[in-house]
Structures are given as structure tokens and as C-alpha cells.
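> give the three-dimensional model of this entry:
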Amino acid sequence: KVKDFMGVEPAQVADLLALMGDSSDNIPGAPGIGEKGARDLIARFGSVESAMERVAEVERRTYRESLQNNRDQILLSKRLATIDSSVPIAWAPEQARLEPPDKAALREIFKHLEFFSLLKELETEEPRGQDFKTLESAEELEAYLAAIPPGAPVAVAAAADGEAGLMLPAFGLAWKPGEGRGVPLSLLEKLRPLLEDAARPKIASDIKTELLRLARYGVEARGFAGDVMLYAFLLDADPAGCALEQLAQRRLDRKPGSSPEEQAACALELAGILGKEVDDKGLRELYRTMDLPLVPVLARMERTGVRVDPAELKRLSTRMEADIQRLTEEIYGLAGHAFNINSPQQLGKVLFEELRLRAPAKSGKSKTLSTAADVLEELAVDYPIAAKVLEYRQLAKLKGTYSDALPSLIDPATGRLHTSFNQAGAATGRLSSSNPNLQNIPIRTELGREIRAAFVPREGWKLLVADYSQIELRLLAHMSKDALLLEAFRKGEDIHTRTAAEVFGVPPLMVTPELRRNAKAVNFGIVYGLSPFGLAAQLGIP
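Next comes the predicted model:
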């Protein structure tokens with residue numbers, strides 16, 4: 001193995017390192033002799049001592065001179081690379097044999113350190129007493145449902161699209177610990193009364209996902225009361241740790257299984273553990289009045305989707321493409337030649353080596369000159385090429401992220417975009433949106449506002465926008481007791497207009513929409529800890 005990897009025998013490794021050096025261990029080596037040259041010399045002469053004794057036989061002049069002029073350094077390097085094997089340690093080779101790991105101890109370490117990927121790789125034995133099977137007939141399903149005690153919660157899991165066939169389990173049920181039953185799609189009508197019974201309490205690992213999956217089967221599910229993901233998020237607002245797989249590994253020391261019946265049984269067990277902790281910490285009322293009622297609302301929002309005008313997006317895309325081409329030619333003209341504007345390395349070379357613009361400190365492992373937005377924003381004050389690169393990047397991002405991408409995400413069946421709203425997606429407790437993210441549709445620029453205008457209501461309808469009235473700033477006023485903030489809210493003034501008047505020294509009636517937007521950035525920058533430098537960069541203030 002050593003010979004295959006290093007090109008020399010194990011006993012020659014110190015000789016190899018004596019010539020090529022090893023910066024990680026501060027072994028200087030022989031100047032001018034790299035790994036390949038060192039390997040060739042040791043293969044020919046056997047050792048550094050032999051190579052130095054027969055130096056006249058070395059054909060390459062640089063190698064020959066290095067061996068002649070650096071004898072002491074080479075011998076010191078070999079000494080540094082040689083392991084001292086004379087230490088008196090009682091040891092036998094058998095002791096180096098790799099033993100199987102202590103999985104229980106490893107599992108505890110991985111859980112403590114939150115190494116969820118390693119937890120997935122750690123094989124776990126299925127706990128004893130697990131009982132999973134598929135109910136293959138209507139009679140079996142009826143008998144199973146009849147045995148469920150009145151009021152007993154039932155965990156439900158539906159297979160994802162494409163994972164269930166007519167005779168394969170499409171649904172999983174569990175009401176006893178360690179027991180789960182699969183129900184094929186062919187028995188859906190027998191199962192429907194339980195799923196649509198609002199009086200029967202039901203549990204899921206993620207209620208919203210189950211509501212959406214069941215809706216695709218034509219089921220309007222009701223009665224869901226226990227959400228494992230939301231329990232976990234209430235107890236620890238960590239979006240990465242709320243998925244069923246992570247919770248099963250961390251709380252049950254096993255994987256949740258892949259079948260619907262296994263996942264239903266896992267959700268039932270986790271709901272019992274986490275639900276009790278929610279109760280013990282006095283969080284049940286918050287869950288019952290705030291988190292749980294929001295779930296079906298988000299599910300309906302996702303199913304409804306939002307209408308977009310693909311023709312308007314195509315028009316914007318064509319316009320942006322023309323602007324990008326114009327900017328490209330202008331940037332090439334300022335640079336003096338064509339280059340890849342999207343390459344940070346090529347852009348950095350043009351800006352800082354060829355045009356000799358004010359260079360920032362080198363950063364990153366490669367110690368390259370940064371062409372990040374904050375660097376270009378600072379340069380844009382004095383150098384037109386930096387301003388044009390910023391504009392180019394903004395247009396390219398808008399085009400790629402929105403005008404080009406959104407039309408392909410429209411559901412052909414509904415003609416709408418259907419995002420996912422993540423109730424446990426941000427540690428702050430705010431909703432997040434994904435696939436696609438519809439919460440970051442730009443508004444600060446005119447072009448961004450045109451992209452927003454491509455989101456349209458159905459014919460004869462209007463889009464109504466509703467929002468809490470400055471809820472974060474009201475909290476800020478309450479907590480800071482700032483006199484001006486409190487006065488503005490008591491008088492019912494527009495807080496951003498009031499801030500703009502104070503910051504820019506103009507009467508409130510003279511505050512323009514642009515000044516108000518800047519004041520809004522000031523207000524929320526304070527709330528969310530934006531630094532003075534960051535605020536200046538965001539507002540374009542030198």
C-alpha cells in the first residue's frame with residue numbers, strides 16, 4: 001500500500017521526505033527537488049546518503065547542485081522525518097486490529113454533537129416487538145378500525161406521489177406502540193370515514209404534508225391534532241433537527257423506516273414523547289391556539305397557489321437580455337477586451353491587475369482578491385466599471401431567478417405557482433418559502449417591481465395585501481421606550497415617513513417614496529442588528 005501510494009518502500013519514506021520536504025511537519029527538504037524528483041532519486045539510489053555519495057551520476061543539474069549544496073539540511077530533514085522506534089512501549093501488532101465500534105456510545109456522541117449525517121450512516125438494529133404488515137382486504141381493515149378504542153389518537157402517514165400503487169401501501173396507520181398497518185390505495189373508500197372524521201384525533205410527523213398528500217387522493221382530512229415536527233420546533237427552534245429522520249435517530253435511536261406504516265408508528269411514538277415535553281414546559285396553549293390552526297391555512301394556500309403572467313415574464317426576460325448584452329459591451333469597452341464577467345478570478349484580474357483599481361485585502365483559502373458585492377459597491381463610487389458590473393449581476397440574477405425560472409415552475413394543471421410554506425423553516429419563528437421561494441420577490445428597483453407585477457389575480461378578482469401595522473417597530477418602541485417612536489405610534493403617524501423626516505431633515509409632506517424606503521431600511525436595520533457600514537452599503541451612502 002505504501003509503495004502504491006508514495007512510490008517507495010516503507011523503509012524509504014524518511015528518505016523521500018528528506019528530499020521533497022513536508023511543510024506540515026516543518027521538514028525543509030532539498031530546495032528545487034519536488035515529489036516526483038525525490039521519488040525518482042530514491043528509486044534509483046535507494047537512500048539520500050547514496051544519492052549524495054553518487055551525486056556525479058545525477059544528470060539533472062538543479063538536482064545535482066541541490067544535493068551538493070544542502071547536505072546538512074537534507075540529513076537533518078531525514079532525521080526529522082524518521083520515527084523514533086526505540087520508545088519502551090509494551091505493544092503487540094494484534095493490538096492494532098480495528099475492532100467493531102461501540103454503536104451505543106457512538107450514537108450518544110453523535111446525538112450530543114448533532115452529527116445527523118453520521119447518525120444516518122450508523123447502522124441501528126430494529127427494536128424488538130415491531131409489528132408491521134399490510135391489510136390486504138376490506139375485512140381486515142374493518143376489523144382493525146373496529147379495534148381502535150374510542151378517542152384513541154391514530155397516527156397517519158400517506159405515501160409520497162409515485163410511491164404507492166393499487167396494491168401497495170399508500171397509507172400507514174398506527175394506534176399501538178410498535179405496531180403499524182399499511183393500507184393499499186384500493187381500500188381508500190373504507191379508510192375515508194376515519195380520515196375525514198373531525199372527532200377522531202389524528203397524529204402525523206408533519207400534518208401539512210399529510211393534508212396535501214391526502215388531498216391528492218381526494219381526501220379532505222380532518223381531526224389532525226398532534227404534529228411531531230411542530231412539537232419539536234416548539235421545544236427547540238432548530239429547522240434542521242425537526243424532520244422525522246433526525247428526531248427518530250435522536251430520540252428513538254433508530255431510523256423511522258421507509259414504509260407508511262413504519263413512519264406512522266414512529267410518529268405515534270415521537271408524539272407521545274414530545275407532546276409530554278410540550279405540556280411540561282407549558283407550551284400546549286401556544287401550540288393549540290397559534291401553531292396548529294395555521295397548518296390547514298398554509299395547506300390551502302399551497303394548494304391554491306398564485307397566478308403569474310408568463311407572457312409578462314417573457315417580455316421582461318427579453319428586455320433584460322438586451323440590457324445584459326448592452327452592459328457586457330460597455331464593460332468590455334472599459335476593460336479594453338472581452339473576458340468572462342461571471343468569473344471572479346477573471347474579473348479580479350481585470351479590475352485589480354490590469355486597471356489597477358483600489359484592491360481590497362485578499363481573502364479565502366486561495367487568498368484571491370474579492371469581487372463580492374460590498375467590494376464593488378465601494379469601488380462603484382469612483383469607477384464606472386464596478387457600477388456596471390453590479391448592474392450586470394443584478395440583471396443576471398433577476399433574469400435567472402425570476403423571469404426565466406418561474407414560467408417553468410408553473411403547474412400545467414392549475415396554471416399557477418405552488419410554493420411550500422415552511423412553518424418550522426426559520427429559527428425566528430417566521431414562515432419561510434421554498435420551491436420556489438416567493439418571499440424574496442424584489443421590490444427595491446423599478447425592474448423588481450415589474451417582476452412583482454407579473455403576479456396577477458384571476459379575471460375579475462383583485463389581490464389584497466394585509467399586514468400587521470409595524471409590529472416589529474411597535475415592539476421596539478415598547479422595549480426601548482424611545483420618546484419619538486412612542487409619540488409617532490400614539491399619533492398614528494407613518495413611522496417610516498417620520499423617520500425619513502428626522503433622518504433627511506425634511507418636512508413629512510416632502511418625504512418621497514424613495515426617502516421612505518431608505519428610512520424603512522434604517523428602522524429595520526436597527527431591529528435586526530445591521531451595522532452602520534452595512535446600512536451605508538445598502539443605501540448606497542459613501
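> CA only for contacts and neighbour counts going forward, please
Noted.
> care to break the protein down by domain?
Following the TED database, one finds the domains of the chain at 1-81, 131-304, 310-454, 471-539.
> how near is Gln439 to Leu431?
9 Å (Cα to Cα, to the nearest Å).
> those two: which has the busier surroundings?
Counting neighbours by other Cα atoms under 10 Å for Gln439 and for Leu431 shows that Leu431 has the greater number, 15 against 12.
> so who does that one touch?
Contacts for Leu431 (Cα atoms under 8 Å, 6 or more residues apart in numbering) come out as Phe421, Asn422, Gln423, Ala424, Gly425.
> of all the residues you listed, which comes closest to Leu530?
Distance to Leu530 across the contacts of Leu431 (Cα to Cα) is lowest for Gly425, with 22.0 Å.
> that closest one belongs to a helix?
No - membership of Gly425 in a helix is not supported by DSSP: H, G, I helix; E, B strand; the rest coil, which gives coil.
> isn't it right up against Cys242?
No - the criterion here is Cα atoms under 8 Å, and Gly425 misses it with Cys242 at 9.4 Å.
> which one's more surrounded, the two?
A side-by-side neighbour count of Gly425 and Cys242, using other Cα under 10 Å, places Cys242 first with 24 against 19.
> for that one, give its distance to Gly460.
41 Å.
> got phi/psi on the residue nearest to the spatial centre of the chain?
Centroid-nearest residue in the chain, with Cα atoms, centre = their mean: Ala240, separated by 8.8 Å. Main-chain dihedrals, Ala240, degrees, to the nearest 10: phi -70, psi -20.
> how far away is it from Leu355?
45 Å.
> and if you look at Ala322?
Remark: distance between Ala322 and Leu355 (Cα to Cα) = 26 Å.
> which parts of the stretch 201-350 of the chain are helices?
For the stretch 201-350 of the chain, applying DSSP state H, counting those that start in this stretch gives helices covering 207-216, 228-235, 244-247, 260-280, 284-286, 292-304, 310-335, 344-348.
> among the ones you listed, which is nearest Leu484?
Taking these one by one with Cα to Cα, helix 284-286 is closest: 33.0 Å.
> any residues touching the closest one, and which ones?
For helix 284-286, contacts defined as Cα under 8 Å, 6+ apart pick out Val278.
> could you do stretch 81-88 as well?
Residues from elsewhere that reach stretch 81-88 (Cα under 8 Å, 6+ apart): Ala14, Leu17, Ala18, Ile27.
> how long is that stretch end to end?
Termini of stretch 81-88 sit 20 Å apart (Cα to Cα).
> do stretch 422-434 as well
First residue to last in stretch 422-434 (Cα to Cα) measures 8 Å.
> quick check: mean pLDDT of that stretch?
Mean pLDDT, computed over stretch 422-434, is 87.
> what about Ser3, how many residues nearby?
One thing to correct before we go on: residue 3 is Lys, not Ser. For Lys3, the count of nearby residues is 11 (other Cα under 10 Å).
> sorry, wrong one. I was asking about Asp404.
Asp404 has 18 nearby residues by other Cα under 10 Å.
> does it really touch Leu313, like I thought?
Yes - contact criterion Cα under 8 Å: Asp404 and Leu313 qualify, at 7.4 Å.
> quick one: the strands in the stretch 351-500 of the chain?
With strands called from DSSP state E, counting those that start in this stretch, the stretch 351-500 of the chain shows them at 362-363, 368-369, 416-417, 420-422, 432-434.
> picking up where we left off before, closest to Lys78 out of the contacts of Leu431?
The closest of the contacts of Leu431 to Lys78 turns out to be Gly425 (Cα to Cα; 55.8 Å).
> quick check: phi and psi at the closest one.
Taking degrees, to the nearest 10, you get phi -100, psi -10 for the backbone angles of Gly425.
> so who does it touch?
Pro239, Leu431, Ser432.
> any chance of a markdown table for these, columns distance to Ser47?
As requested, those are exported to a markdown table (distance: Cα to Cα, whole Å):
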| residue | distance to Ser47 |
| --- | --- |
| Pro239 | 58 |
| Leu431 | 67 |
| Ser432 | 64 |
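> ok, these vs Ile203, which is closest?
For the contacts of Gly425, the nearest to Ile203 is Pro239 (19.9 Å; Cα to Cα).
> mind checking how far the closest one is from Leu230?
Distance from Pro239 to Leu230, by Cα to Cα: 10 Å.
> name the residues contacting each of those two.
Ala424.
> please, where are all the strands along the stretch 1-150 of the chain?
131-134.
> for Leu316, which non-adjacent residue is spatially closest?
Counting by Cα to Cα, 6 or more residues apart in numbering, Leu316 lies nearest to Ser403, which is 6.6 Å off, once chain neighbours are set aside.
> if you could redo that for Asp197, that was the one I meant.
Arg222 (5.9 Å).
> was I right to think the one you found contacts Ala204?
No - contact between Arg222 and Ala204 fails when scored by Cα under 8 Å: they sit 12.0 Å apart.
> more crowded one of the two?
Between Arg222 and Ala204, counted using other Cα under 10 Å, Ala204 has the larger neighbour count: 30 against 17.
> quick one: contacts for the more buried one?
Ala155, Val156, Ala157, Glu210, Phe224, Gly226, Asp227, Val228, Ala264, Ala267, Leu268.
> and the furthest pair within those?
Across the contacts of Ala204, the two lying at the largest distance from each other (Cα to Cα) are Glu210 and Leu268, at 14.2 Å.
> which one of those two is surrounded by more residues?
Leu268 (30 against 21).
> how about the more buried one: what's its closest non-neighbour residue?
Ala155 (5.5 Å).
> so the one you found sits in a strand?
Yes - under three-state DSSP, Ala155 sits within a strand.
> neighbours of it, how many?
For Ala155, using other Cα under 10 Å, the count is 28.
> need the pLDDT of it.
pLDDT, Ala155: 97.
> that one and Ala267 touch, don't they?
Yes - between Ala155 and Ala267 a contact is recorded at 6.5 Å, counting by Cα under 8 Å.
> which residues are in contact with both of the two?
Residues touching both Ala155 and Ala267 by Cα under 8 Å, 6+ apart: Ile203, Ala204.
> quick one: Ala104 from Ile495, how far?
Distance check for Ala104 against Ile495: by Cα to Cα, it reads 57 Å.
> who has more neighbours out of those two?
Ile495 (23 against 12).
> once you drop chain neighbours, what's closest to the more buried one?
Distances taken as Cα to Cα, 6+ apart put Ala488 closest to Ile495, at 6.3 Å, once the chain neighbours are dropped.
> compare the contacts of Leu431 and tell me which is most surrounded.
In those, the most neighbours by other Cα under 10 Å go to Ala424, 24 neighbours.
> surely it touches Asp236?
No - at 10.3 Å, Ala424 does not count as touching Asp236 under the criterion of Cα under 8 Å.
> could you pull up the contacting residues of Leu141?
Leu135, Val183, Lys190, Leu191 are the contacts of Leu141 under Cα under 8 Å, 6+ apart.
> using PyMOL, define a selection of the buried residues within these.
Those of these that count as buried under 16 or more other Cα atoms under 10 Å are selected in PyMOL with:
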select buried, resi 135+183+191
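> show me which of the contacts of Leu141 is closest to Ser50.
Ser50 lies nearest to Val183 out of these, by Cα to Cα, at 77.6 Å.
> name the element the closest one belongs to?
strand 179-184 (DSSP states H and E).
> pull the residues that contact that strand.
130-136, 141, 164-174, 259-262, 264-265.
> list buried residues within those residues.
132, 134-136, 141, 164, 168-174, 259-262, 264-265.
> how many other residues sit next to Asn435?
When neighbours are defined as other Cα under 10 Å, Asn435 has 11 of them.
> show me what contacts it?
Counting by Cα under 8 Å, 6+ apart, Asn435 touches His418, Thr419, Ser420.
> and of those, the nearest to Pro508?
Closest to Pro508, out of all of those and judged by Cα to Cα, is Thr419, at 39.0 Å.
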